[in-house]
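Visitor: Predicted model and sequence follow; I will ask about them next.
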Amino acid sequence: MQPVVMNKLTIAVSLLAYLDLLAACASDKVKTVGTSGAPNAGGAAVTGGASNTGGVSSTAGSSAASGGSSAVPFHLTGCATSPTQPVAPGGYYVNGNTICTADGRAHLLHGVDRPSLEWSSVGTNLSLADFQLMASWKANVVRIALNQDFWLAESPLFDPYYSALVDDAVTWAEAAGMDVILDLHWSDAGVLGSCVSTPTSGCQQQMPDANSLTFWSEVATRYRNDGRVMFELYNEPHDVSWTVWKSGGTTSDGFQAVGMQQLHDTVRATGAQNLVLIGGLNWGYDLSGVPSNRIEGYNVVYVTHPYNSPGRRPSNWDKSWGFLTQTDPVTITEFGTADSTCTTDYSAALIAYADAHATGWTAWAWYPGGCAFPAIIDDWSATLSPSGAIVKAALLGYNDPPASPTATGVSGPDLNYTFDHGTQGWVLNNWDNPDLTNLGAIAPDAGSLPTLRFEGTSGDPKPGALQLTVAFTDQNQYAAANTNLYPGLNLTGKTLHARVRLLSGSFVGGGVRLYAVSGPPYVVEATPTLDAASLTASAWLPLTLMLSDTTTVGFDTSKIVEIGVEFNASAASTVDGGISDAGAFANSGDIVFEIDTVTD
């Protein structure tokens, strides 16, 4: 996303242009599907009409480009009775200006953008519950931003668990009923490890580089058998010529760029037939050079990023990108009003224009970063921001399900943490408990904070487990590993399971419990504490929490926001289900515990 500024005058100009646009749309509506025998840009003729299921309007308004150009009726190619291009399993193909399902249904992408994996290799608040909340808005797709420096093994910033977390995110999104766009958001200008980034200071380069080819070769190979995953080849190219955009070359920043044609060809060389999405110039906004620099290939969708900056007003849309919707599928994969005013005029106008041109969109961003980010949610429970209210209302008005419904059994249990490839979003609990000493928040005197890591060689029933190392120095101390399910999962009637073991060290006078937290208000329910004496070295033991039997006042099984496993030193009192006094405390140095197979 490119930062932009909008003042009251430019808001007024945008609104006036939008009113002109609506007037033009009302004066000249045309049939867009069902037109017999109308080939378009190489697309197959649609005989008898393409299906019109939700999302794709059967009447689309023509637009009047401000500045004097005449209104041009919009025509949708539609879909042939059988695919005209290769189709990845469960996915889509492109026919003319239409994204099509294999069974001949025209399809539009409508959803949200999910940042954080571009600046953090572990992401922020990624969970099944989070993707389910997106889907509750009737989003049919989520765009997930990625960073090649976290993915590529040769990079100094490589995280060996990053690809597994991306796998988890894809699985969660699809289980929630959404398709996925994987977006190469940040890169490194050809120098692996140079992309050190934060949410506000990123690694947006002018163009992709040779490392991007390796990235897409690996990503496309990994997901080529899942057509519900689409590839946005590069986020917001800018400040290069159209020749460099297509074919690569030297940038003004001094590095050698690869072009969009090379990225497309790299994906296809893996055998992947998935849709590829390709953004234009001027930070992904401008598609005016595409007709003279068209990517040679198939299943290509062009991308634009309209933000409320000069040159991107409604009066500019026709000539910058709207015209291309006549010949090619176009999807808006970012848009918004990126300033502190929190105005919504621009987003409302853009959604109306997109609907009139059978153009899909994903809204930036499902992340509580404030209006200047711009964010469509204000917190992780999805409290609506002003633009979020516009986006959610629009999404609820569409009815355009993915090409492949979630198969029976794909999502499995609501909770299924097997830790086969990584931590799956589990972290060391760092809540500063006023009643007991959480060593994850406060290091003991002359001690260190506990550590939580993935261990790939041990586990139960198969390799892969969490490993928690802690040194208790006094009574009333604990350390816990947990995962955030905010804004909450309904686990009514479920039974939670986990397996734990003592791997090394001496654990005397303490215990372990499996717990769940509901809320708000936050209430804890936990298993009876399993005494330390039960944890013999290297033996895996089960923990079972029956949520149907809970008796804790205020605990709501329909709003579970956290689950975790807690290891305690002996306690002098019972607090929130903690351990009662088990005798004199013995300081025995580092203790290593393992956790595996947390499920319901």
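Guide: Sure thing, it's come through. Residues are numbered from 1 along each chain as shown.
Visitor: tell me the strands in the stretch 351-500 of the chain, going along the chain?
Guide: Along the stretch 351-500 of the chain, the stretches classed as strands by DSSP state E, counting those that start in this stretch are 360-363, 416-417, 427-428, 437-438, 451-455, 465-470, 477-489, 495-504.
Visitor: my read: Asn568 touches Gly509, true?
Guide: No. When contacts are counted by C-beta atoms under 8 Å, Asn568 is not listed as touching Gly509 (9.5 Å). No exception for glycine: its C-beta is placed from N, CA and C like everyone else's.
Visitor: who's more crowded, the two?
Guide: Taking neighbours as other C-beta atoms under 10 Å, Asn568 and Gly509 compare with Asn568 leading, 24 against 21.
Visitor: low-confidence ranges in the stretch 51-200 of the chain?
Guide: Along the stretch 51-200 of the chain, segments meeting pLDDT under 70 span 51-72, 197-200.
Visitor: cutoff 80 now
Guide: For the stretch 51-200 of the chain, the stretches with pLDDT under 80 are 51-73, 196-200.
Visitor: From the contact counts, what lies against the host helix or strand of Tyr302?
Guide: For Tyr302, the host element (DSSP states H and E) is strand 300-304. Helices and strands touching strand 300-304, by 3 or more C-beta pairs under 8 Å, 6 or more residues apart in numbering; DSSP states H and E, are strand 276-279, strand 330-332.
Visitor: make it 10 Å
Guide: strand 92-95, strand 179-186, strand 229-232, helix 260-269, strand 276-279, helix 281-284, strand 330-332, strand 360-363 (3 or more C-beta pairs under 10 Å, 6 or more residues apart in numbering; DSSP states H and E).
Visitor: got TSV for those, with mean neighbour count and distance to Asn433 too?
Guide: As requested, these are exported to TSV (neighbours: other C-beta atoms under 10 Å; distance: least, C-beta to C-beta, whole Å):
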stretch	mean neighbour count	distance to Asn433
strand 92-95	27	50
strand 179-186	25	37
strand 229-232	26	41
helix 260-269	20	49
strand 276-279	25	46
helix 281-284	23	46
strand 330-332	25	46
strand 360-363	27	38
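Visitor: Between those, which one is closest to Asp600.
Guide: Comparing those against Asp600 with C-beta to C-beta, the closest turns out to be strand 179-186 (24.4 Å).
Visitor: Render the CA-only coordinates of that closest one in PDB, please.
Guide: The C-alpha trace of strand 179-186 is given here as PDB (Å, rounded to 0.1, in the frame of the first residue of the first chain):
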ATOM      1  CA  ASP A 179     -10.400 -19.100  -1.500                       C
ATOM      2  CA  VAL A 180      -6.800 -17.700  -1.000                       C
ATOM      3  CA  ILE A 181      -4.700 -15.200  -2.900                       C
ATOM      4  CA  LEU A 182      -1.000 -15.600  -2.000                       C
ATOM      5  CA  ASP A 183       0.600 -12.200  -2.600                       C
ATOM      6  CA  LEU A 184       4.300 -11.600  -2.800                       C
ATOM      7  CA  HIS A 185       4.100  -8.400  -0.900                       C
ATOM      8  CA  TRP A 186       7.700  -7.700   0.100                       C
END
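Visitor: how far is whichever helix or strand comes after it from where the chain is centred?
Guide: For strand 179-186, the following helix or strand on the C-terminal side (DSSP H and E) is helix 210-223. Mean C-alpha position of helix 210-223 versus that of the full chain (C-alpha atoms, centre = their mean, to the nearest Å) differs by 18 Å.
Visitor: Quick check: phi and psi at Ala349.
Guide: Phi and psi for Ala349, reported as degrees, to the nearest 10, are phi -60, psi -40.
Visitor: correct me, but it touches Thr343?
Guide: No. Counting by C-beta atoms under 10 Å, Ala349 does not reach Thr343; the two are 11.0 Å apart.
Visitor: chain center to stretch 376-396, what's the gap?
Guide: Distance, centroid of stretch 376-396 to centroid of chain: 16 Å (C-alpha atoms, centre = their mean).
Visitor: average pLDDT across that stretch?
Guide: Across stretch 376-396, the average pLDDT comes to 96.
Visitor: Extract the C-alpha set from it and format it as PDB.
Guide: Only the C-alpha atoms of stretch 376-396 are listed here, as PDB (Å, rounded to 0.1, in the frame of the first residue of the first chain):
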ATOM      1  CA  ILE A 376     -11.500  -2.200   8.100                       C
ATOM      2  CA  ILE A 377     -11.600  -3.500  11.700                       C
ATOM      3  CA  ASP A 378     -10.800  -1.700  14.900                       C
ATOM      4  CA  ASP A 379      -9.900  -4.800  17.000                       C
ATOM      5  CA  TRP A 380      -9.600  -8.600  16.600                       C
ATOM      6  CA  SER A 381     -13.200  -9.100  17.400                       C
ATOM      7  CA  ALA A 382     -13.900  -7.300  14.100                       C
ATOM      8  CA  THR A 383     -15.400  -4.100  15.500                       C
ATOM      9  CA  LEU A 384     -16.200  -2.200  12.300                       C
ATOM     10  CA  SER A 385     -14.100   0.800  11.300                       C
ATOM     11  CA  PRO A 386     -16.000   3.400   9.200                       C
ATOM     12  CA  SER A 387     -14.700   1.900   5.900                       C
ATOM     13  CA  GLY A 388     -15.200  -1.600   7.400                       C
ATOM     14  CA  ALA A 389     -18.900  -0.800   7.700                       C
ATOM     15  CA  ILE A 390     -19.000  -0.100   3.900                       C
ATOM     16  CA  VAL A 391     -17.000  -3.200   3.100                       C
ATOM     17  CA  LYS A 392     -19.100  -5.600   5.300                       C
ATOM     18  CA  ALA A 393     -22.400  -4.300   4.000                       C
ATOM     19  CA  ALA A 394     -21.200  -4.800   0.400                       C
ATOM     20  CA  LEU A 395     -19.900  -8.300   1.100                       C
ATOM     21  CA  LEU A 396     -23.200  -9.300   2.700                       C
END
